[in-house]
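[1] here's my sequence, what's the structure:
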Amino acid sequence: MQVSKSIRNLAAGLAVSMAATVAVAEAKKDIVDTAVSAGSFNTLVTAVKAADLVDTLKGPGPFTVFAPTDAAFAKIPQDQLDALLKDKEKLRAVLTYHVVSGKVMAKDVKPGMVPTVQGQSLTIGTSYGNVTVDQAKVVKTDIVTSNGVIHVIDSVVLPN
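    Predicted coordinates for the structure are as follows:
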């Protein structure tokens, strides 16, 4: 009986240790590399490259990025998206509007206005267990990177 309890404890300890190792390994990637490896942020990565923001988002940060998925970008009519990708200044403004200085984990989010790297503020809302950024719904939180955190949103948010 004592042996089986020891084995259970050892197994539980190994599982916790392995989970911690995986989390640390994932956190070794920066925001850009994490987005690339996720496979659901291809349009965002293309936009970051077109706006020459790769070096910034690979920098020390820390940054909090509200990252629209490919499905979020697909909500934008193709001609408008193509035009945005060609207008470097506007594209930089849109992308940096999705970035907040510092590392803000989901448990620390509070409703209100949050200044972005772009200069304007996002409106964070919390109601009925949902968190919104402007009108976009946060669908996944706390993807930890080496230089910040990513929260996934279901729409592209636009500055005024």
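
[2] distance check, Asp70 against Asn42.
    Separation of Asp70 from Asn42 (Cβ to Cβ, to the nearest Å): 5 Å. For glycine as for every other residue, the C-beta is placed from the backbone atoms N, C-alpha and C.

[3] an error on my part: the question was meant for Val149.
    Using Cβ to Cβ, Val149 is found at 20 Å from Asn42.

[4] pull the contacting residues for the residue lying closest to Gln135 once chain neighbours are set aside.
    Closest residue in space to Gln135, ignoring its immediate chain neighbours: Ser155 at 6.4 Å, by Cβ to Cβ, 6 or more residues apart in numbering. With contact set as Cβ atoms under 8 Å, 6 or more residues apart in numbering, Ser155 has these partners: 68, 72, 75, 135-137.

[5] host element of Ser155?
    Per DSSP states H and E, Ser155 falls between elements, in no helix or strand.

[6] next one: Val152
    Per DSSP H and E: strand 148-153 holds Val152.

[7] could you find the closest non-adjacent residue to the spatially most central residue of the chain?
    Geometric centre of the chain, nearest residue: Ile150, 2.1 Å, by Cα atoms, centre = their mean. Leaving aside its chain neighbours, Ile150 sits nearest to Ile143 (4.0 Å; criterion: Cβ to Cβ, 6+ apart).

[8] my guess is Thr46 meets Leu85, correct?
    Yes: with contact defined as Cβ atoms under 8 Å, Thr46 and Leu85 form a contacting pair (7.1 Å).

[9] more neighbours, those two?
    Higher neighbour count among Thr46 and Leu85: Leu85, with 17 against 13, using other Cβ atoms under 10 Å.

[10] for this protein, what spans make up the strands?
    Secondary structure of the chain (DSSP state E): strands located at 63-68, 99-101, 112-115, 121-127, 130-133, 136-145, 148-153.

[11] deepest of those, which one?
    strand 63-68 (a mean of 25; mean count of other Cβ atoms under 10 Å).

[12] how long is stretch 96-113 from one end to the other?
    This stretch, stretch 96-113, spans 16 Å end to end (Cα to Cα, to the nearest Å).
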